[in-house]
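Novice: this is the structure alone, sequence omitted:
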């Protein structure tokens, strides 16, 4: 299996622009997670889905952030409008119920908002 | 509020030395995991511990879950440059829970 795929790997944008991050989970996995990692705050869970349904979005920082999972093989995290404090590495992870809570992480998208 | 505190935050030692990193909390966790993350990559799971007092070994790495399931440690024997990376602990609050709480991480550097 190719593992969790994220695109783009790097994104540089200007403040106020819309940013869309993409994720393809491992085939057959029924959970999908979006995390954000910064030096100051470490790895934070933003939102997670089960069978394409959002279960817990309490980590989403504010209304500028939104996430969708239109089908089992694709999810997006959108930031509109973006701000410099959104600069971070965003990870997508997927897992399979019953697999002792193992989460498989993608390589991440490094976002820089100027 | 950081539910999982890792220490030390940074550690730089010479090849061949032993080291221990810690993951502590005032909360009880159903299970605790350790991940290693290398630059430019996502975290990769090393081990999951689920029973209080449990000890698991992975080659030169020894993981222990505290008796009260509030803390864990990772001990590396005869560290090698390939052990360099960010070590993260993560806890699940209830059995089967998919939501994990991550510690801030310990950034480990092994110098040749």
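Specialist: That came through, no problem. Owing to the predicted nature of the structure, the values given are computational and were not obtained by experimental measurement.
Novice: is residue B:107 bridged to anything, and to what?
Specialist: Residue B:107 forms beta bridges with residue B:10, residue B:86, as assigned by DSSP bridges.
Novice: could you report the neighbour count for the closest residue to residue B:31 other than its chain neighbours?
Specialist: Nearest residue to residue B:31 in three dimensions, chain neighbours excluded: residue B:50, at 4.4 Å (Cβ to Cβ, 6 or more residues apart in numbering or on different chains). All C-beta spots, glycine's among them, are computed from the backbone N, C-alpha and C. Look at residue B:50: counted by other Cβ atoms under 10 Å in any protein chain shown, it has 17 neighbours.
Novice: for the one residue in chain A that gets nearest to chain B, what are its contacts?
Specialist: Nearest to chain B in chain A, going by Cβ to the nearest Cβ, is residue A:105, at a distance of 2.9 Å. Going by Cβ atoms under 8 Å, 6 or more residues apart in numbering or on different chains, residue A:105 touches A:4, A:35, A:91, A:92, A:93, B:42, B:43, B:44.
Novice: just to revisit the earlier point, quick check, the residue nearest to residue B:31 in contact with residue B:29.
Specialist: No: using Cβ atoms under 8 Å, residue B:50 is not in contact with residue B:29; the gap is 9.4 Å.
Novice: tell me where the model's unsure across chain B.
Specialist: Along chain B, the parts satisfying pLDDT under 70 run over B:1-2, B:96-97.
Novice: which bits of it sit near chain A?
Specialist: B:2, B:31, B:33, B:40-45, B:48, B:50, B:88, B:92, B:96-105 (Cβ under 8 Å from any Cβ of the partner chain).
Novice: all strands for chain A, in order.
Specialist: Using DSSP state E, the strands of chain A run over A:5-7, A:10-13, A:19-24, A:31-38, A:42-50, A:53-56, A:65-71, A:74-79, A:88-95, A:104-105, A:109-113.
Novice: and chain B, by the same measure?
Specialist: For chain B, the strands defined by DSSP E occupy B:5-7, B:10-14, B:19-24, B:31-37, B:44-49, B:55-58, B:61-65, B:71-76, B:85-92, B:100-102, B:106-111.
Novice: with mean neighbour count and distance to residue A:11 added, can I get those strands in CSV?
Specialist: What follows is the strands of chain B, written out as CSV (neighbours: other Cβ atoms under 10 Å in any protein chain shown; distance: least, Cβ to Cβ, whole Å):
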stretch, mean neighbour count, distance to residue A:11
strand B:5-7, 17, 29
strand B:10-14, 12, 28
strand B:19-24, 19, 32
strand B:31-37, 23, 20
strand B:44-49, 18, 23
strand B:55-58, 13, 35
strand B:61-65, 20, 35
strand B:71-76, 21, 33
strand B:85-92, 24, 22
strand B:100-102, 23, 23
strand B:106-111, 17, 25
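Novice: middle-most residue in chain A, spatially?
Specialist: Computing the C-alpha centroid of chain A and ranking residues by Cα atoms, centre = their mean puts residue A:34 first, at 3.1 Å.
Novice: what's the closest non-adjacent residue to that one?
Specialist: That would be residue A:46: by Cβ to Cβ, 6+ apart, it lies 4.4 Å from residue A:34.
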